[in-house]
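Q: please work out how this folds:
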Amino acid sequence: MLNSYSSADKVLLAVDCIIFGFDHQGLKILLIQRDFEPEKGKWSLIGGFLKRDEVLDNAAIRILNTYTGLNDIYMEQLYAYSEIDRDPVERTISVSYYALINIENHNTELIKNYHAEWFPIAEAPNLIFDHNEMVKNAIRRLRYRTSIKPIGFELLPEKFTMRQLLELYEAILSKELDKRNFISKINSLEILNKLDEKDMQSSRKGSYLYTFNKEKYEEKLLNDFVLNL
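A: Numbering: from 1, shown residues only. You can find the predicted model right below:
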């Protein structure tokens, strides 16, 4: 019967987070080395179980804060994974999220305490269960979002050069972009504030620094504008 809760099967609901970061070496992913069975000593995504008093988004926020010390993180729910034998211990359904953070801002002590480590995407180790599939799907979604919407600024420092922004997009999309065309499209969005300051490490003349206009940035995320990179 539909109203017979007591006779229904009980399953665990997990939340797994694909956490992306970016530095001068390119796009990276944060992974954790498990210190418990099953698959003790192997690498996995960062995750946890949904609590009785939580909705999924709040569970993801809790997990991200626990391992990085950060709040107000850009994240997006992806897919549910429900293969019967995906977890050898308990019947577990997992909902995946991807998140974007600035590597410089996270709490390094927290990451060290949890045996977590940043890996370049191309050098990430093999992961447990179906986590490799989750990563592939997250990268696919991130590339799609980046190609049509101005996202990814969460991966940059507060002040950045146009070259850094270009390198970020090239790292995410895994392809070389035409510099003039890219700058033209970004400037047309009117989401950047050009500063009077320069980064003198990038060249002899220096490169102007920018910040992003959060109000216009969020407006562009909500409307139907297509970046089309």
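Q: I103 and F119 touch, don't they?
A: No: I103 is beyond contact range of F119, at 11.8 Å (criterion: C-beta atoms under 8 Å). In this view, the C-beta of every residue, glycine as well, is placed from N, C-alpha and C.
Q: so which of these two has more stuff around it?
A: Using other C-beta atoms under 10 Å, the more surrounded residue of I103 and F119 is I103, with 18 against 14.
Q: ok, and the closest non-adjacent residue to the more buried one?
A: G21 (3.9 Å; C-beta to C-beta, 6 or more residues apart in numbering).
Q: same check, this time on E83
A: Nearest non-adjacent residue to E83, counting by C-beta to C-beta, 6+ apart: D130, 6.7 Å away.
Q: what's the domain layout of the protein?
A: 12-148, 160-222 (automatic domain parsing).
Q: return the most buried member of those domains.
A: domain 12-148 (a mean of 16; mean count of other C-beta atoms under 10 Å).
Q: in three-state terms, label the residue nearest the centre of the chain for me.
A: Relative to the mean C-alpha position of the chain, the nearest C-alpha, by C-alpha atoms, centre = their mean, is the one of A99, at 2.7 Å. Here A99 is recorded as strand under DSSP: H, G, I helix; E, B strand; the rest coil.
Q: would you map the helices across this protein?
A: Using DSSP state H, the helices of the chain run over 56-68, 108-113, 131-148, 162-173, 179-189, 214-222.
Q: distance of the residue nearest to the residue nearest to the centre of the chain when sequence neighbours are not counted relative to I18?
A: Nearest non-adjacent residue to A99, counting by C-beta to C-beta, 6+ apart: M75, 4.1 Å away. Going from M75 to I18 by C-beta to C-beta, to the nearest Å gives 10 Å.
Q: now the common contact residues for the two.
A: Residues touching both M75 and I18 by C-beta atoms under 8 Å, 6 or more residues apart in numbering: 97-99.
Q: dump the domains of the chain to a markdown table, plus distance to Y5 and mean pLDDT.
A: Converted to a markdown table, the domains of the chain look like this (distance: least, C-beta to C-beta, whole Å; pLDDT from 0 to 100):
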| stretch | distance to Y5 | mean pLDDT |
| --- | --- | --- |
| domain 12-148 | 14 | 94 |
| domain 160-222 | 39 | 89 |
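Q: would you list these in CSV and tack on distance to N228?
A: Listed next are the domains of the chain as CSV, based on distance: least, C-beta to C-beta, whole Å:
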stretch, distance to N228
domain 12-148, 7
domain 160-222, 8
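Q: name the nearest residue to H106, ignoring sequence neighbours.
A: T68 (4.3 Å).
Q: so who does the one you found touch?
A: 19, 30, 101, 106-107, 110-111.
Q: and it, how close does it get to N58?
A: Separation of T68 from N58 (C-beta to C-beta): 16 Å.
Q: what's the answer for G206, then?
A: To N58, G206 is 44 Å away according to C-beta to C-beta.
Q: brilliant, that's me finished.
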